[in-house]
Structures are given as structure tokens and as C-alpha cells.
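J.: turn this into a structure:
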Amino acid sequence: MAKLEPGEKAFTKKYIRNRLIHAGFHDIKIEYKDFLIPGTPSFLVKPVIFFGNVMERIPLLRNITQSIFISASYNE
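T.: You can find the predicted model right below:
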């Protein structure tokens, strides 16, 4: 449903988690964050960040954020 740039790809938590597990990672933490999109007028940046922080706590809304933050551990 997203209108992505030619070099972009949308990922789901499930896809990322499965790929990391398959690659041998553990202690995986994946969070959707950031509603601030490029080109946001400067006077709207602070309000978008504020409301984005609120919306990140709402299960269905957080799935449409702009970024995915990932942390994981790997032991060789």
C-alpha cells in the first residue's frame, strides 16, 4: 500500500525477525518509530515529533511509522 521510492522496500517486524534468527542473531528487539517525513515544514517539526511519540504507543498506528529501529546480538 505504501508508495515507495524505487530503491526503498517496506519490511515487517516478522520478516526482519525471521531473517535475523536465520542469520544466527538473538536478543532481537524491533521497534517502529518516527512519523516525521522528509519535507515536513520546519514549523511543523516539533508538533509532528510530539504527536508521533504519542502515536508510537498505539498498536495499529505505530505500524505506519517511517523507521524501524533494530537491535540484536550475535555470538560467533
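J.: contacts, neighbours, all on C-alpha from now
T.: OK.
J.: low-confidence ranges, the chain, go.
T.: 1-4, 8 (pLDDT under 70).
J.: quick one: the helices in it?
T.: 13-22, 42-55 (DSSP state H).
J.: now the ones you listed in CSV, with mean neighbour count?
T.: Below are the helices of the chain laid out as CSV (neighbours: other Cα atoms under 10 Å):
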stretch, mean neighbour count
helix 13-22, 13
helix 42-55, 13
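J.: of these, which is nearest I64?
T.: Nearest to I64, of all those, is helix 42-55, at 9.7 Å by Cα to Cα.
J.: show me what that closest one is packed against.
T.: Using 3 or more Cα pairs under 8 Å, 6 or more residues apart in numbering; DSSP states H and E as the contact test, no helix or strand touches helix 42-55.
J.: show residues contacting it.
T.: 34-36, 61-62 (Cα atoms under 8 Å, 6 or more residues apart in numbering).
J.: can you select the buried ones from those in PyMOL?
T.: This is how PyMOL selects the buried members of these, with burial counted by 16 or more other Cα atoms under 10 Å:
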select buried, resi 34+35+36+62
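J.: good, wrapping up.
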